[in-house]
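Asker: the following comprises the amino acid sequence and a computationally predicted model.
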Amino acid sequence: MIPGLIAVAVVVLLVLLVGGLYNRLVTLRNRYKNAFAQIDVQLKRRYDLIPNLVEVAKGYIKHERGTLEAVIAARNQAASANTRAAANPGDPAAMQGLIGAESQLGGALGRLFALAEAYPDLKANQNMMQLTEEMTSTENKIAFARQAFNDAVTSYNTGREVFPAVVFAGMFGFAPAELFEISNVAEREAPKVSF
């Protein structure tokens, strides 16, 4: 009878251990998904600001149509990549697509802001100054949201890679999550938005 009780106790402890590991992994996964949702909010805010910025600049930068069109195209591509990444923030392919699209958008915005430096009337425009301030604020919020997301992903990946969770993580479908980091050093710089 004692060997039977010991066997039952071992099985119960094993079930509790596996259940606890599973619940911890679910909690960590939900944290990084929530952290990505915060990035998503700020990216959508940025995507909404860009057309307004382009409209204000359009009146002053008539001869630079290509730059304005490049900004809008990059914005649309980034918004589409963001939608794919938001559907599954743990998908490495979706995150890489978003990182690439955001890099292109950052480059296009950088060219727009550099070009706007040559137009003093545009720099002095009240709407442009207000949009610039909002864009700067949004860029800061995006940076903080990315940091929170990367912290949550790191906690999740660490949680799924330590023993004994590593034994069960793959079995339960907990794949590694991708960090939201920019690989090109030049692209790490936020677009300059001072006028």
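Answerer: Great, that's in hand. Since this is a predicted model, take the numbers as computed values, not measurements.
Asker: skipping adjacent residues, who's closest to the residue positioned nearest the centre of the chain in space?
Answerer: With distances taken as C-alpha atoms, centre = their mean, Ile39 lies nearest the centre of the chain, 4.9 Å away. Computed as C-beta to C-beta, 6 or more residues apart in numbering, the closest residue to Ile39 that is not its neighbour in sequence is Ala145, at 4.3 Å. Bear in mind the C-beta positions are built from the backbone N, C-alpha and C, glycine included.
Asker: tell me which element that neighbour is part of?
Answerer: For Ala145, the element it lies in under DSSP states H and E is helix 126-161.
Asker: for the helix or strand just after that helix, the averaged confidence score.
Answerer: Note on helix 126-161: by DSSP H and E, the next helix or strand toward the C-terminus is helix 165-169. For helix 165-169, mean pLDDT rounds to 88.
Asker: can you name the residues in contact with helix 165-169?
Answerer: Val18, Leu21, Tyr22, Arg24, Leu25, Gly159, Arg160, Glu161 (C-beta atoms under 8 Å, 6 or more residues apart in numbering).
Asker: which helix or strand in this structure has the lowest average pLDDT?
Answerer: Least confident helix or strand, the chain: helix 120-124 with a mean of 77, by mean pLDDT, DSSP states H and E.
Asker: hang on, the earlier thing: now do the residue nearest to the centre of the chain against Ser155, distance only.
Answerer: Distance of Ile39 to Ser155, given as C-beta to C-beta, to the nearest Å: 16 Å.
Asker: and if you look at Asp91?
Answerer: Taken as C-beta to C-beta, the spacing of Asp91 relative to Ser155 amounts to 18 Å.
Asker: likewise Glu181?
Answerer: As judged by C-beta to C-beta, Glu181 and Ser155 stand 16 Å apart.
Asker: looking at these two, which one has more neighbours?
Answerer: Ser155 (16 against 12; other C-beta atoms under 10 Å).
Asker: shouldn't the more buried one be in contact with Asn30?
Answerer: No - here Ser155 does not reach Asn30: they are 11.5 Å apart, not a contact under C-beta atoms under 8 Å.
Asker: picking that back up, what's the offset of the helix or strand hosting the residue nearest to the centre of the chain from the middle of its chain?
Answerer: In the assignment (DSSP H and E), Ile39 maps to helix 2-58. From the chain centre to the centre of helix 2-58 is a distance of 14 Å (C-alpha atoms, centre = their mean, to the nearest Å).
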